[in-house]
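# kindly return the folded structure for what I paste below:
(one chain, ligands or ions: 1)
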Amino acid sequence: MRQTAASICTHFSRKAQHYDQHAGLQRAMAWRLARRIAALPMPAGPMADLGAGSGLVGQALQQLAPQHQLLQLDGSAALLQHNPLAGSTTQRLLWDLNEGLPACLQGSALLTSSFGLHWLSRPAAALKQWAKALAPGGWLVVAVPVAGSFAQWHEAASRAEVPCTAWPLPAASELLQSAGSVLALRHHQEMQFSPRYGPGGRAFFRQLQQLGASYSDHPPLRPGQWRQLLNHWPADEQVSWRILMLLAQRPGEQR
Ligand SMILES: C[S@@+](CC[C@H](N)C(=O)[O-])C[C@H]1O[C@@H](n2cnc3c(N)ncnc32)[C@H](O)[C@@H]1O
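Got it, this is the predicted structure:
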């Protein structure tokens with residue numbers, strides 16, 4: 001695994017034990033994806049959750065459509081250890097998605113991913129690879145945070161005149177173009193969620209840390225810069241996520 005991917009997955013691994021406890025938004029999105037997936041006519045072929053982590057999507061799907069078994073693929077061994085669907089070696093795969101997809105997923109009936117794609121080095125290119133790996137009639141079902149998220153963080157950093165260390169997120173339009181070049185887009189929607197995290201910004205950053213999602217490729221802020229940032233944090237305590245949900249199908253006859 002290359003350096004950045006290894007560092008990202010190590011961040012998640014360190015917090016694996018507590019991920020589920022703090023993953024309210026991720027769990028809500030997993031249920032949305034599972035409800036969509038359960039209603040789809042599925043061709044034959046493998047199914048996988050890419051960046052499955054602790055298995056929130058697979059667990060929701062298990063309750064709605066238990067016939068669908070998703071390979072639990074992730075770059076974090078510790079998260080897979082905390083994933084109840086990844087008990088046997090046929091159910092899990094420790095894999096770096098920056099290296100493309102494993103051969104066993106060529107001709108897939110379903111590739112799904114929730115809150116995982118944006119951590120890859122080239123999200124739009126990865127999405128296209130995933131699209132090309134589908135069987136005719138196969139489905140790509142993805143939820144991913146996109147550019148425009150964390151506007152309050154970017155604005156506070158700009159007012160405080162300190163760097164914004166947020167992880168760069170892909171543009172929704174670029175992802176849609178990439179998937180749409182191979183697949184028929186059946187549904188897409190950009191949703192905004194604005195949880196209140198508590199006063200002063202600290203609770204928001206603590207939440208990212210507790211999820212293991214605080215990796216940044218910027219140098220860390222110095223203590224004085226942190227103080228500046230928090231002094232300029234919005235009073236209403238909200239931080240917005242913009243999430244793209246995408247359902248797309250490979251054209252062609254189902255086998
Ligand atoms: C925010 S978690 C989402 C987990 C799960 N899909 C969910 O919705 O709760 C992001 C996941 O992506 C995985 N990940 C990040 N970069 C990866 C890579 N290069 N290859 C495989 N998995 C990766 C992390 O290990 C982590 O499990």
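
# excluding its backbone neighbours, what's nearest the residue nearest to the spatial centre of the chain?
Nearest to the mean C-alpha position of the chain, counting by Cα atoms, centre = their mean, stands residue 115 at 1.3 Å. What sits nearest to residue 115 in space, not counting adjacent residues and going by Cβ to Cβ, 6 or more residues apart in numbering, is residue 26, at 5.2 Å. C-betas here are computed from N, CA, C, even on glycine.

# show me the contacts for the residue in the stretch 151-255 of the chain positioned nearest to the ligand.
Residue nearest to the ligand within the stretch 151-255 of the chain (Cβ to the nearest ligand atom): residue 213, separated by 5.4 Å. Residues in contact with residue 213 (Cβ atoms under 8 Å, 6 or more residues apart in numbering) are 11-12.

# and it, what helix or strand is that in?
Applying DSSP states H and E as the criterion places residue 213 outside every helix and strand.

# neighbours around the residue nearest to residue 115, how many?
Residues near residue 26, counting by other Cβ atoms under 10 Å, number 20.

# my guess is it is in a helix, correct?
Yes: counting by DSSP: H, G, I helix; E, B strand; the rest coil, residue 26 falls inside a helix.

# from residue 9, how far off is it?
Going from residue 26 to residue 9 by Cβ to Cβ, to the nearest Å gives 16 Å.

# ok, residue 252 next?
Relative to residue 9, residue 252 is positioned 34 Å away (criterion: Cβ to Cβ).

# with residue 234 instead?
From residue 234 to residue 9 the distance is 32 Å (Cβ to Cβ).

# ok, now residue 31?
If you measure residue 31 against residue 9 using Cβ to Cβ, the figure is 25 Å.

# so those two - more neighbours on which side?
A direct count of neighbours by other Cβ under 10 Å for residue 31 and residue 9 places residue 9 higher, at 23 against 16.

# can I assume that one is in contact with residue 95?
No: counting by Cβ atoms under 8 Å, residue 9 does not reach residue 95; the two are 10.5 Å apart.

# joint contacts of these two?
Taking Cβ under 8 Å, 6+ apart as the contact rule, residue 9 and residue 95 both touch 74-75.

# residue boundaries of the helices in the stretch 1-150 of the chain?
Assigned by DSSP state H, counting those that start in this stretch, the helices in the stretch 1-150 of the chain fall at 3-14, 19-22, 24-38, 56-64, 77-81, 123-132.

# confidence-wise, which of those is weakest overall?
Ranked by mean pLDDT, the helices of the stretch 1-150 of the chain bottom out at helix 3-14, with a mean of 90.

# just checking, what packs against it?
Judged by 3 or more Cβ pairs under 8 Å, 6 or more residues apart in numbering; DSSP states H and E, the packing partners of helix 3-14 are helix 77-81.

# what comes up buried for the helix it packs on?
Buried residues in helix 77-81, defined by neighbour count with 16 or more other Cβ atoms under 10 Å: 78-80.
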